[in-house]
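Student: Here is my input, please return the structure:
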Amino acid sequence: MRDIYFDESIILLDLEAGSKEEVLTAMASNLEEKGLIKSSYLEAVIAREEEFATGLPTNGVSVAIPHTDVEHVNTKTISVAVLKKPVEFGVMGDPNEMVDVELVFMLAMDKADSQLNLLQNLMQIFQNEETLKFLANEKDKTKIVNLLENKLDFSF
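Tutor: Coordinates of the predicted model:
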């Protein structure tokens, strides 16, 4: 059984942003409007991104997976943003290196073990260049939801 909130309303297509902070603000604002995260989430996710960068230089389309601690989350969710133009994020494990990110998967998990499970599932997607290109170019949110529901195990 699925216990995560995930639908078309938390997928942002052609998001225009000039910085990672603008990306994170747009995504968190959308989640907060729906009551899925607490007002403290945005500040916490930006602070965590500064300390532990989440950009991944994957094949074809680079991604970022910003997330923060469980106390800032009301309901388990994952938001996806497809950026109109790439935005620089620090590379995971090497904050001095930057990567131009096109896909952002913002995680809001209410349990640490859920976050780990979802990250492991996402890594499978990130290793598939075809899937990443599909996500980066698809304009139908329903097709994006269907693909991710098919590839991610939302039962944790």
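Student: For the rest of this, base every contact and every neighbour count on C-alpha atoms.
Tutor: Will do.
Student: Quick check: phi and psi at the residue at minimal distance from the centre of the chain.
Tutor: For the chain, Phe105 is the residue whose C-alpha lies nearest the centre (CA atoms, centre = their mean; 1.2 Å). Backbone geometry at Phe105, expressed as degrees, to the nearest 10, gives phi -110, psi 100.
Student: close enough to count as contact, it and Leu56?
Tutor: No. With contacts counted by CA atoms under 8 Å, Phe105 stays clear of Leu56, the gap being 11.2 Å.
Student: returning to that earlier point: what's near enough to touch the residue nearest to the centre of the chain?
Tutor: Shown in contact with Phe105 (CA atoms under 8 Å, 6 or more residues apart in numbering): 63-66, 78-81.
Student: And Phe89, by the same measure?
Tutor: 20, 53-55, 64, 98-101.
Student: Pull out the buried residues from the strand or helix carrying it.
Tutor: For Phe89, the enclosing helix or strand under DSSP states H and E is strand 77-91. Residues of strand 77-91 classed as buried: 77-83, 86-91 (neighbour count, 16 or more other CA atoms under 10 Å).
Student: Neighbouring strands of the one helix or strand Val104 maps to in the sheet, and parallel or not?
Tutor: Using DSSP H and E, Val104 falls within strand 94-108. Next to strand 94-108 in the sheet, as set by DSSP bridges, lie strand 63-64 (parallel), strand 77-91 (antiparallel).
Student: Export those strands as TSV, with columns for distance to Asn30.
Tutor: Converted to TSV, these look like this (distance: least, CA to CA, whole Å):
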stretch	distance to Asn30
strand 63-64	18
strand 77-91	9
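Student: Tabulate these in TSV, adding columns for mean pLDDT and distance to Lys143.
Tutor: Output for the strands paired with strand 94-108, formatted as TSV (pLDDT from 0 to 100; distance: least, CA to CA, whole Å):
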stretch	mean pLDDT	distance to Lys143
strand 63-64	97	19
strand 77-91	97	13
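Student: could you pull out the helices for this structure?
Tutor: Listed in chain order, the helices of the chain (DSSP state H) span 20-33, 41-51, 112-126, 129-137, 141-151.
Student: where does this structure have low pLDDT?
Tutor: Scanning the chain with the threshold set as pLDDT under 70 gives 1-2, 154-156.
Student: Fine by me, we can end here.
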